[in-house]
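Q: Mind looking at a prediction? Sequence and model below.
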Amino acid sequence: MNLTLKIWRQKNASDKGKLVDYKISDVSPDMSFLEMLDVLNEQLINEGDEPVAFDHDCREGICGMCSLYINGEAHGPDRGVTTCQLHMRMFKDGDTIFIEPFRAKAFPVVKDLVVDRSSFDRIQHAGGFISVNTSGNTIDANAIPVNKADADKAFEAATCIGCGACVATCKNSSAMLFVGAKVSQFALLPQGKVEATDRVLNMVRQMDEEGFGNCTNTGACEVECPKGISLENIARMNREYLKASLKG
Ligand code: SF4
Ligand code: FES
């Protein structure tokens, strides 16, 4: 396939940035999207140009590092996949592909297609954990019975990889799907109930401080989430928040 790529280039956070056109030929439909960008970067390096900066790590849909906005969709036109799992067979010979970074006030651009998502880390640090005594007195996980339906829902919530596609997709740049998943993951388990009140209050406070917008129930986040995290998690977080506020 021969393609035209329109890629967002931005030297640093203060640079204005612009879309730059690149031609790429002989792209195999079996290549992943990131492999196609690797080929482009090799081409650019050989021509003495600066390669395009983009985030990636595992390249198998687990780490949440890849983060491209492709033809106006977070993680591109396929469903239930991350950018690293997107294949070039989703495009046609002669296509023009727009490639931009995830855009949100709380995700400032570092360079080209790389954005700073450390706001997510700070939300996690505010409460996305349980405190366990690991000094030789750790209780075997199986010693605490967990209802199967709750365990399944907690597991589903825990599949959130923190990629930020929900934020990039939302017209309000809301992080409610991400935070909802992280709160739900613990709220459903007995181990998570001990710190439940502080967790939800602290995580929501941090989310607001980071400058994410609010949820207006559009549902775009759920559609674009590569892990199929359900809006149900936002509703659960809201219930947890109300409960915690009344207690507090
Ligand atoms: S909820 Fe989905 S889209 Fe949002 S960070 Fe988690 S995996 Fe990514
Ligand atoms: S590179 Fe790890 S999820 Fe895409």
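A: The structure has been received and is ready for your questions. Residues are numbered from 1 along each chain as shown. Ligands and ions are numbered 1, 2, ... in the order given.
Q: Quick one: list the elements packing against the worst-scoring helix or strand of the chain on mean pLDDT.
A: The helix or strand of the chain with the lowest confidence, counting by mean pLDDT, DSSP states H and E, is helix 190-193 at a mean of 93. The contact analysis (3 or more CB pairs under 8 Å, 6 or more residues apart in numbering; DSSP states H and E) places helix 190-193 against helix 176-187. Yep, even glycine has a C-beta here, placed from its N, CA and C like the rest.
Q: can you do 10 Å?
A: Packing partners of helix 190-193 (3 or more CB pairs under 10 Å, 6 or more residues apart in numbering; DSSP states H and E): helix 148-158, helix 176-187.
Q: Find out how far it is from the centre of the chain, if you would.
A: Distance of helix 190-193 from the chain centroid (CA atoms, centre = their mean, to the nearest Å) equals 25 Å.
Q: residues touching residue 27, list them.
A: When contacts are counted by CB atoms under 10 Å, 6 or more residues apart in numbering, residue 27 touches 1, 2, 3, 5, 35, 36, 39, 40, 88, 91, 93, 95.
Q: how far away is it from residue 174?
A: Distance of residue 27 to residue 174, given as CB to CB, to the nearest Å: 35 Å.
Q: Check the helices and strands packed on helix 190-193 for me and report the most buried one.
A: Here the criterion is mean neighbour count by mean count of other CB atoms under 10 Å, and of these the winner is helix 176-187, at a mean of 27.
Q: does ligand 1 sit close to that helix?
A: Yes - interface with ligand 1: helix 176-187 contributes 177, 178, 181 (CB under 6 Å from any ligand atom).
Q: Name the nearest of those relative to residue 123.
A: Distance to residue 123 across these (CB to CB) is lowest for residue 178, with 7.6 Å.
Q: burial count for the residue nearest to that closest one when sequence neighbours are not counted?
A: Once flanking residues are discounted, residue 178 sits nearest to residue 166: 5.7 Å by CB to CB, 6 or more residues apart in numbering. Residues near residue 166, counting by other CB atoms under 10 Å, number 31.
Q: does the helix or strand harbouring residue 166 come close to ligand 1?
A: Residue 166 belongs to helix 165-169 when assigned by DSSP states H and E. Yes - on the criterion CB under 6 Å from any ligand atom, helix 165-169 is in touch with ligand 1 at 165, 166.
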